[in-house]
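Engineer: sequence and predicted structure, then a few things I'm wondering about:
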Amino acid sequence: MANHHPKTEYLKKQQPKWKHLPTKALRVPEVFCDRIETFARQLDNTPDEPGRNSPIWMGIKPSISQLGWAFIEDTGREARLLDYGTSDTDPHQPLPQRLVEIEADLNELIEQFHPSHVALETPFINTSYPSGRKLLQVLGIVNAVIYRSCHCLPVNIYAPQWKSHIDSPRADREDIAFFVQNLFDIDSLPMNSCVDAIAIAYAGYCGVGQ
């Protein structure tokens, strides 16, 4: 008869020998066993880095003055927010210098997080205005950096698409921030374009625009 109340207090808790489980038997030449196990131990003790084993989504809200960016990791179970922020440029500086700064910032971020996917907002651009022409050049820089450094094509998402995924096509930034804070358990967010970038990355992660 089974003992439904066994005494286990005296048992010593066992710790797995490997951090990454499960393990699997592997047939290899015996002469290599020690070296293979040593190498496997080194890999097992290497701290996991964002993007090392999981896909990373980068979200971008394009702008010449304040480009928003965010990174979300696909853990296989959920989306985990890694980091977010803005790339700001000085409006008093010449346009080429501002574009170079945006390019440098994006390259540095991509080098740090190694995104495998990029969700990019596709804005409606009126080239009759100087701001529209500047934004068009920003998009050129962003697309070039993504293609060169991420080796992928961005998923282009219109604002009504990613806003509808979260709230409604007319949702304002406060509405988006409320959703993002609850989704990722964030106490507060700066009311700038990083809020949009997080939502854009999450929309891409969820398959919007694909």
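Structural biologist: Looks like it came in fine. Residues are numbered from 1 along each chain as shown.
Engineer: C-alpha only now, for contacts and for neighbours.
Structural biologist: Noted.
Engineer: just the strands from the protein, written as ranges.
Structural biologist: 56-61, 66-74, 79-88, 117-121, 155-157 (DSSP state E).
Engineer: could you identify which of those is most buried?
Structural biologist: Highest mean neighbour count of the strands of the chain: strand 56-61, a mean of 29 (counted as mean count of other C-alpha atoms under 10 Å).
Engineer: pull out the CA atoms of that strand and give them to me as PDB.
Structural biologist: C-alpha atoms of strand 56-61 as PDB (Å, rounded to 0.1, in the frame of the first residue of the first chain):
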ATOM      1  CA  ILE A  56      14.600  39.400 -29.900                       C
ATOM      2  CA  TRP A  57      12.200  41.900 -31.300                       C
ATOM      3  CA  MET A  58      13.300  45.500 -31.800                       C
ATOM      4  CA  GLY A  59      10.500  48.200 -32.100                       C
ATOM      5  CA  ILE A  60      11.300  51.500 -33.700                       C
ATOM      6  CA  LYS A  61       9.200  54.700 -33.700                       C
END
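Engineer: give me the low-pLDDT residue ranges for the protein?
Structural biologist: 1-25, 44-53 (pLDDT under 70).
Engineer: can you show me the helices along it?
Structural biologist: 33-44, 95-113, 130-145, 159-166, 173-184, 193-205 (DSSP state H).
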